[in-house]
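**Student:** no sequence on this one, just coordinates:
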């Protein structure tokens with residue numbers, strides 16, 4: 001199959017790679033139908049990766065169709081359209097079952113495409129470990145593009161907004177309006193924010209935030225405007241992405 005493989009700084013190649021195979025009865029093989037690029041992938045491309053490995057497939061944001069399952073897989077089947085959360089766990093321990101996969105008690109936590117330990121998803125197909133947990137059926141009414149966003153980017157924005165303790169009536173500041181920041185603006189409104197200050201030096205990004213109802217500000221004017229609006233209280237939850 002073809003895959004995007006990392007061989008060193010600024011050296012990612014569209015190259016041949018062995019087809020993925022089941023390594024456990026709990027695995028599934030998914031044929032990729034859409035994938036996207038994360039900022040973490042750009043760190044790898046610029047030579048600031050997460051391991052010393054080379055030759056591995058990159059990427060951790062993808063959706064696809066299940067083409068093979070192990071004998072122990074029960075929740076997904078061949079033909080299912082699925083999305084893959086970027087982070088994986090064993091799917092059996094207390095931490096994974098509570099959603100805290102980075103604390104997997106069976107040392108099975110990880111992320112696609114950061115090293116050869118778990119090959120990435122920017123490939124024609126890839127292996128999903130513990131597929132009953134790590135491959136999620138795309139619900140009816142959710143487009144492929146929407147599902148793709150939920151694998152990492154939108155989830156990151158929502159997590160940041162949730163950690164800011166946003167409540168109905170809150171005033172919220174979002175600093176940095178890249179894709180994650182813009183989705184954080186929208187998440188803040190969904191959580192009930194009364195006003196969202198969207199701060200970025202790039203006019204086009206500020207325009208996008210303003211289009212969804214935020215008060216878009218250049219960094220040079222943000223502090224004084226926010227102090228004035230809040231009468232100097234300074235109780236603004238800030239999510240930096």
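**Tutor:** Perfect, I can see it now. All values reported here derive from a predicted model rather than from experimental measurement. Numbering: from 1, shown residues only.
**Student:** how much space is there between residue 4 and residue 40?
**Tutor:** 14 Å (CB to CB, to the nearest Å). Heads up, the C-betas are built off the backbone N, CA and C, glycines and all.
**Student:** meant to ask about residue 7
**Tutor:** Taken as CB to CB, the span from residue 7 to residue 40 is 17 Å.
**Student:** ok so residue 67 is a strand residue?
**Tutor:** Yes - Residue 67 forms part of a strand when assessed by DSSP: H, G, I helix; E, B strand; the rest coil.
**Student:** correct me, but it touches residue 33?
**Tutor:** No - using CB atoms under 8 Å as the test, residue 67 is too far from residue 33 to be in contact (11.0 Å).
**Student:** overlap in contacts of the two?
**Tutor:** When CB atoms under 8 Å, 6 or more residues apart in numbering defines a contact, no residue borders residue 67 and residue 33 alike.
**Student:** How many residues are close by residue 65?
**Tutor:** 15 (other CB atoms under 10 Å).
**Student:** Kindly state the beta-bridge partners for it.
**Tutor:** Beta bridges link residue 65 to residue 31, residue 81, judged by DSSP bridges.
**Student:** close enough to count as contact, it and residue 34?
**Tutor:** No - contact between residue 65 and residue 34 fails when scored by CB under 8 Å: they sit 10.7 Å apart.
**Student:** The residue nearest the centre of the chain: what's it in contact with?
**Tutor:** Compute the mean C-alpha point of the chain, and by CA atoms, centre = their mean the closest residue is residue 152, 1.3 Å away. Residue 152 sits next to 38, 60-61, 85-86 when contact means CB under 8 Å, 6+ apart.
**Student:** Kindly report the same for residue 142.
**Tutor:** residue 150.
**Student:** Check the secondary structure at it for me.
**Tutor:** Quick answer, by three-state DSSP: residue 142 is coil.
**Student:** Measure how buried residue 48 is and give me the count.
**Tutor:** Residue 48: 10 surrounding residues under other CB under 10 Å.
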